[in-house]
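J.: only geometry, no sequence info:
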């Protein structure tokens with residue numbers, strides 16, 4: 001493989017710190033997971049896990065902060081220091097609370113669990129006021145690579161949904177040596193600006209209404225003014241059968257008060273439509289991503305049976321995964337925020353693919 005040059009601010013170190021596989025066996029025992037339930041090709045299988053209403057009184061241990069690349073990253077870390085690293089990545093409009101019940105399951109099974117706030121969320125901040133508030137997909141992927149370096153993690157299991165799944169997909173595709181295995185809600189989510197210019201049938205376009213709203217200055221102002229009301233609406237539309245309470249939403253909504261949140265979100269969606277420029281230093285990586293690179297690391301893709309957010313049929317992306325792969329539908333009225341709605345199913349997928 002040809003040598004890959006990174007943007008200047010990211011130094012990808014090569015440290016052999018990835019732990020052995022004993023934690024996976026321990027995890028299967030402690031979670032009661034059936035060892036015979038192995039990934040089999042690209043065939044979808046339906047797993048009966050009821051959605052779990054998150055308890056609003058569950059909370060994480062105190063946050064940690066670390067300088068990594070362009071950011072000072074706020075993150076939660078739990079589990080043994082010598083456990084196999086698992087990075088859990090959230091999406092929009094969510095935050096680290098999506099994993100509040102997944103994390104203790106994995107930690108008790110012997111994994112070192114890291115859950116960072118993405119740029120523009122929670123306590124994550126830019127180190128310089130001069131840094132472009134860029135929400136394009138490759139920039140966020142470099143943030144996670146920089147965090148792994150800062151935490152001395154050469155290789156980890158990556159798992160996520162929405163923006164987090166896309167970020168994990170990108171790292172698995174372009175830097176498979178950093179990704180031991182992948183769990184991705186809604187499958188293959190790597191995008192490109194050219195594809196974003198292609199009109200969709202009207203019913204599909206309707207699902208992306210907020211993307212077009214964000215393309216206007218009225219949309220930027222509206223999101224800034226009503227970001228909590230806006231995001232609660234997205235939660236309800238994306239997970240129509242999830243009976244979350246106000247306390248559960250409010251815990252996550254605090255992350256949207258980040259001073260860079262609106263700029264990052266608006267840029268992300270405008271960039272997708274080609275209405276906002278990315279940074280030239282990421283052009284090489286976006287060119288590679290636009291080719292739809294195959295992901296060869298062991299992967300499980302998940303989908304909730306009541307996902308109200310735009311998502312592709314699993315058959316359309318199964319061939320994007322060339323390694324050990326399976327897809328499963330999680331039943332019980334599970335929507336877009338699958339880790340928080342069905343934490344046990346998500347944790348078991350991480351354990352199996354690990």
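T.: Thanks, I have it. Only a predicted model underlies this, so the values are computations on that prediction, with no experimental measurement involved.
J.: so what strands line up beside the helix or strand hosting residue 76?
T.: When secondary structure is defined by DSSP states H and E, residue 76 falls within strand 71-78. With DSSP bridges as the test, strand 71-78 is paired with strand 64-68 (antiparallel), strand 111-116 (antiparallel), strand 125-126 (antiparallel).
J.: Show me the helices in the stretch 101-250 of the chain, by range?
T.: 102-108, 137-150, 163-174, 193-196, 202-207, 209-214, 217-225, 227-238, 246-253 (DSSP state H, counting those that start in this stretch).
J.: who's in contact with the third one?
T.: Yep, that's helix 163-174 we're talking about. Surrounding helix 163-174, the residues in contact under the criterion CB atoms under 8 Å, 6 or more residues apart in numbering are 4, 87-92, 118, 137-138, 140-141, 144-145, 158-160, 178-179, 182-191, 268, 285, 288-289, 293-295, 297, 299. Where C-beta positions appear, they are placed from N, C-alpha and C, glycine not excepted.
J.: Now do the same contact list for residue 285.
T.: 138, 141, 174.
J.: Quick check: which of the helices of the stretch 101-250 of the chain is buried the most?
T.: Comparing those by mean neighbour count (mean count of other CB atoms under 10 Å), helix 163-174 comes out on top with a mean of 26.
J.: Could you figure out how far it is turned away from helix 137-150?
T.: 80 degrees (axes from the mean of the first three to the mean of the last three CA atoms, to 10 degrees).
J.: Centre-most residue in the chain?
T.: Taking CA atoms, centre = their mean, the centroid of the chain lies closest to residue 164, which sits 1.4 Å from it.
J.: Quick check: phi and psi at the nearest residue to that residue once chain neighbours are set aside.
T.: Setting aside the residues directly before and after it, residue 164 is nearest to residue 89 in space (CB to CB, 6 or more residues apart in numbering), at 2.9 Å. Note on residue 89: its backbone torsions stand at phi -120, psi 130 [degrees, to the nearest 10].
J.: So which residues of the stretch 201-350 of the chain form strands?
T.: 299-304, 325-330 (DSSP state E, counting those that start in this stretch).
J.: average pLDDT for the first one?
T.: Across strand 299-304, pLDDT averages out at 98.
J.: elements contacting it?
T.: Applying 3 or more CB pairs under 8 Å, 6 or more residues apart in numbering; DSSP states H and E, one finds that strand 299-304 makes contact with strand 179-185, strand 325-330, helix 338-341, helix 343-353.
J.: so what does the last one touch, helix or strand wise?
T.: Yep, that's helix 343-353 we're talking about. Secondary elements touching helix 343-353 (3+ CB pairs under 8 Å, 6+ apart): helix 22-30, helix 102-108, strand 156-160, strand 179-185, strand 299-304, helix 338-341.
J.: Any stretches of the stretch 1-150 of the chain with poor pLDDT?
T.: By pLDDT under 70, the weakly predicted segments of the stretch 1-150 of the chain are 1-58.
J.: Please repeat the previous calculation with a cut-off of 90.
T.: Within the stretch 1-150 of the chain, the ranges that satisfy pLDDT under 90 run 1-61.
J.: So which bits of stretch 287-302 are buried?
T.: Using 16 or more other CB atoms under 10 Å as the test for burial, stretch 287-302 gives 288, 289, 293, 295, 296, 297, 298, 299, 300, 301, 302.
J.: Switch these over to TSV; also include distance to residue 251.
T.: Conversion of these to TSV gives the following (distance: CB to CB, whole Å):
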residue	distance to residue 251
288	37
289	33
293	36
295	32
296	37
297	32
298	33
299	30
300	27
301	28
302	23
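J.: Show me which of those is closest to residue 273.
T.: residue 289 (16.1 Å; CB to CB).
J.: Tell me how far that closest one lies from residue 226.
T.: Computed as CB to CB, to the nearest Å, the residue 289 to residue 226 distance reads 32 Å.
J.: Kindly report the same for residue 269.
T.: From residue 269 across to residue 226, the span is 16 Å (CB to CB).
J.: Looking at the two, which one has more neighbours?
T.: In this view residue 269 and residue 226 are compared by other CB atoms under 10 Å, and residue 269 has more residues nearby, 22 against 12.
J.: Could you check how far the more buried one is from residue 128?
T.: Going from residue 269 to residue 128 by CB to CB gives 24 Å.
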